[in-house]
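Visitor: Quick check, what structure comes out for this input:
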Amino acid sequence: MKRLFFIFILLFTVTTLLFSGVVITRFEMGVETKELYYNNRFAELHNDRIVMMWDFNTFELTLINHPLRIYTTIDYESFKEISHRENLEDIKNEIDMLGEERISMMQSATVQLFRRLRPRHVLADSMMINGFMTNEYHVFNGDIIIQRLWISRALQERINLEIPREKMAQVENIFRDNRGNFLFVMGITMDPISMLVEQLENRGYIMQRMDFGLRERVDEERDRLIEQLNNTITDISIVNIDPLIFTYHQRIYQRLEYDVFQMRMLQEMGRE
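Guide: Okay, here's the model as predicted:
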């Protein structure tokens, strides 16, 4: 009897783990959002409803608009190609608007600034945030603080149980490459402070960030405003997840092709 009871408890525990996921509630710029990590799926929720989801079982992105009752799904390679193309088009338009003379001045000033940078960082503190050990790093240009980063390796390791880190990194690299495209087009390499920040980011999950900007002098008034911005995690929960939440939109909303969906979104923005 004791053995049967033990087997029952073991099966119950395994079943619970199979249906558990990580939910991170974040409050930023007056808006509450939730991140959901579950069984090779990452979703962003607004008002407790999924608005964006990466399904790493199929490597597809889904975007959902609840007021319009529409959604779209696009595979990773197509999204990557479209995102890269649109990013380069935006950069070209921006460069055309600036003109060759101004671009040349920007190139020269940026190169000179990057050469003067003196990156360094310190581990300022360690603390528990919502039950997960977190390190606070300060990144400096010489003695001038550039960023404060709160990074948790423990939380990242828990998320990795739901989604392998290398899968999430493939998506993150799309946006990282896009951010670097402007410098690439300008013929400039990434600055050493940004490279240092990326190295720190790879140490775990970013709980919080205060970015004071790439600078060579302190602006105390601006710093106070940045420090007052409420960008915090209010809750981290390990909860049971109903897998049906990832597919309910397929039953009640209209599916559109990605370009048609984007056009509808732009039209709605124009009406606001």
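Visitor: Local confidence estimate at the residue nearest to residue 265 when sequence neighbours are not counted?
Guide: Among residues not flanking residue 265 along the chain, residue 65 sits closest, at 6.8 Å (CB to CB, 6 or more residues apart in numbering). C-beta: built from backbone N, CA, C; applies to glycine. Residue 65 is assigned a predicted lDDT (pLDDT) of 97.
Visitor: Okay, and the beta partners of residue 65?
Guide: residue 70 (DSSP bridges).
Visitor: Let me know whether it touches residue 50 as I believe.
Guide: No - here residue 65 does not reach residue 50: they are 11.2 Å apart, not a contact under CB atoms under 8 Å.
Visitor: For residue 93, give me its contacts.
Guide: By CB atoms under 8 Å, 6 or more residues apart in numbering, no residues touch residue 93.
Visitor: can I get the CA coordinates of the helix or strand it falls within in CSV?
Guide: Assigned by DSSP states H and E, residue 93 falls within helix 76-98. Once non-C-alpha atoms are left out, helix 76-98 reads as follows in CSV (Å, rounded to 0.1, in the frame of the first residue of the first chain):
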residue,chain,number,x,y,z
TYR,A,76,10.7,32.3,-38.3
GLU,A,77,12.7,32.5,-41.6
SER,A,78,10.0,34.6,-43.3
PHE,A,79,9.7,37.0,-40.3
LYS,A,80,13.5,37.3,-40.2
GLU,A,81,13.7,38.2,-43.9
ILE,A,82,10.8,40.7,-43.7
SER,A,83,12.1,42.3,-40.5
HIS,A,84,15.6,42.7,-42.0
ARG,A,85,14.3,44.1,-45.3
GLU,A,86,12.0,46.6,-43.6
ASN,A,87,14.8,47.7,-41.2
LEU,A,88,17.2,48.4,-44.1
GLU,A,89,14.5,50.3,-45.9
ASP,A,90,13.9,52.5,-42.8
ILE,A,91,17.6,53.1,-42.5
LYS,A,92,17.9,54.1,-46.2
ASN,A,93,15.0,56.5,-45.8
GLU,A,94,16.6,58.0,-42.8
ILE,A,95,20.0,58.4,-44.5
ASP,A,96,18.4,60.0,-47.5
MET,A,97,16.6,62.5,-45.3
LEU,A,98,19.8,63.4,-43.5
